[in-house]
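Engineer: Let's see this in three dimensions:
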Amino acid sequence: MAKNKKTDEIRTDEIRTDEFGEIDITAETEAYRKEMDKVMYKEMMSRMGFYTEDEYRDAVGEWLQHVSLSEFITEIEKRVIGQENLKKVCYNVYHYLELVAAGSEKTLPFLLAAPSGCGKSETYRAMKEYFKTNMFFLPVEFVDCSALTEAGFKGNDPSSVVGGLLERSNSNGIGIVFLDEIDKKVIPSFTTGGTNVNAAVQHGLLTIMEGCPVRSKSGSKVIDTNNTLFIAMGAFDFLRTEKDDDKTISFGEKKEKREHYDDITREELLEAGALNEFVGRLSSVVNYHKLTKEAVRNIIDLNISEMEKEFHISIRADKNVYEALYELANGKFGCRTIKNILRDRVQTLDMETKLSGRNQGSLEIILNEKGDTCRNQTSELLF
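Structural biologist: Next comes the predicted model:
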């Protein structure tokens with residue numbers, strides 16, 4: 001098949017056929033077809049919204065044909081570093097999209113239990129950013145469940161967790177909702193009248209996670225949450241605090257140390273106050289763990305790289321900075337502490353340089369626990 005270079009159209013008068021009259025698909029033709037397919041695919045993925053639920057499902061099917069599970073995991077791993085079980089999170093999301101493309105009306109919610117700072121929130125941000133770039137029409141919502149209360153009490157009704165999806169009611173609920181701080185609704189919380197309001201919230205969330213029609217307050221829009229993937233997230237620090245204590249077993253003759261970063265189990269969720277039905281609805285419990293030194297180093301390097309682009313300067317951290325930050329990485333605030341400390345130190349030097357009126361061209365910031373410096377790479381003059 002030949003292509004007219006002027007109009008970029010295929011000339012049907014030059015289509016070649018074999019001895020049996022069948023169209024001869026040449027390598028050039030196949031390459032052109034794939035290129036056009038790629039253009040159409042990118043156009044489809046960049047559309048903000050589709051007019052029908054079927055169009056949503058067809059577009060997800062197109063994405064699945066172009067992106068393998070391993071490719072999807074590789075992209076998300078660029079943001080969420082050092083968590084082996086991230087693969088399970090990505091698989092659950094990928095399988096959900098397979099169900100959407102197949103026309104299924106039943107999804108599989110799951111729980112991500114991650115100690116503070118181990119990548120829980122970064123997982124949401126990575127997914128949000130990825131789909132915004134590669135499947136723009138797919139809603140990825142974030143909800144702080146600590147603000148949820150039973151209908152009738154001060155706060156948000158559990159049905160509000162799908163408020164963002166209601167705005168795109170034409171998708172009929174297709175989308176991903178991250179339910180953060182779910183651990184805050186596991187511990188029983190009683191009113192003066194003796195009502196466990198957190199149990200009521202769990203019941204409300206359970207109804208939505210199991211799948212039901214949800215109507216907007218005006219009544220003009222409705223979606224079916226059977227089509228929605230819910231990812232519950234929590235640090236469960238109150239359980240980890242218990243793990244840090246020595247647990248006496250065998251009539252007090254032997255003590256077993258349970259580690260802060262041990263997996264959170266279904267049994268522990270039930271013991272803490274979670275409803276049987278709520279825990280049973282979760283298809284799996286995925287746990288994140290303590291970060292290794294290599295993972296922390298990679299996270300530091302990633303943060304430095306991002307700040308170099310933001311501030312348009314070169315940044316180098318000495319060995320003692322990596323060592324100091326590693327001690328903080330698996331602490332109370334985790335990796336967000338690393339980012340905040342690095343940013344504060346870089347901003348301080350950047351501010352001082354700007355205030356000095358010196359030339360900022362080719363600047364290099366050197367971070368050191370004994371004192372940070374900023375220098376001009378060409379003249380080597382210290383500021």
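
Engineer: Spatially central residue for this structure, please.
Structural biologist: What sits nearest the mean C-alpha location of the chain, by C-alpha atoms, centre = their mean, is Y124, with 2.3 Å.

Engineer: For that one, give me its contacts.
Structural biologist: 140, 142, 178, 180, 233 (C-beta atoms under 8 Å, 6 or more residues apart in numbering). (Glycine included, C-beta is placed from N, CA and C.)

Engineer: for the lengthiest helix in the chain, packing partners?
Structural biologist: The longest helix of the chain (DSSP state H) is helix 335-356. With contacts taken as 3 or more C-beta pairs under 8 Å, 6 or more residues apart in numbering; DSSP states H and E, helix 335-356 sits against helix 293-311, helix 319-329, strand 363-367, strand 373-376.

Engineer: Mean confidence (pLDDT) on the first one, please.
Structural biologist: The one in question is helix 293-311. Here helix 293-311 scores 92 as its mean pLDDT.

Engineer: got the angle for that helix vs helix 319-329?
Structural biologist: Between the axis of helix 293-311 and that of helix 319-329 there is an angle of 110 degrees, by axes from the mean of the first three to the mean of the last three C-alpha atoms, to 10 degrees.

Engineer: What lies in contact with helix 293-311?
Structural biologist: 81-83, 291, 314-317, 321-322, 325-326, 329, 335, 338-339, 342-343, 346, 350.

Engineer: Now with 6 Å, please.
Structural biologist: Helix 293-311 is contacted from outside by 81-82, 315, 322, 325-326, 329, 335, 339, 342, 346, 350, using C-beta atoms under 6 Å, 6 or more residues apart in numbering.

Engineer: and what of the second one?
Structural biologist: Residues external to helix 319-329 that are found in contact with it (C-beta under 6 Å, 6+ apart): 291, 293, 296-297, 300, 335, 337-338, 367, 369.

Engineer: can you tell me which residues contact F236?
Structural biologist: Counting by C-beta under 6 Å, 6+ apart, the residues that F236 touches are 113, 183, 264.

Engineer: count of neighbours near the spatially closest residue to it that is not a sequence neighbour?
Structural biologist: Leaving aside its sequence neighbours, F236 sits nearest to D183 (C-beta to C-beta, 6 or more residues apart in numbering; 4.6 Å). Close neighbours of D183, defined as other C-beta atoms under 10 Å, add up to 23.

Engineer: if I look at D183, how far off is V279?
Structural biologist: 13 Å (C-beta to C-beta, to the nearest Å).

Engineer: all helices of the protein, in order?
Structural biologist: Counting by DSSP H, the helices of the chain are 27-46, 53-66, 69-77, 86-101, 120-134, 163-166, 197-210, 237-244, 266-272, 276-281, 293-311, 319-329, 335-356.

Engineer: Can you list the buried residues in the fourth one?
Structural biologist: Read it as helix 86-101. The neighbour-count check on helix 86-101 (16 or more other C-beta atoms under 10 Å) flags 86, 88-90, 92-94, 96-97, 99-101 as buried.

Engineer: want to throw those into TSV with distance to R240?
Structural biologist: Below are these laid out as TSV (distance: C-beta to C-beta, whole Å):
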residue	distance to R240
L86	20
K88	20
V89	20
C90	25
N92	23
V93	26
Y94	29
Y96	28
L97	32
L99	33
V100	35
A101	38
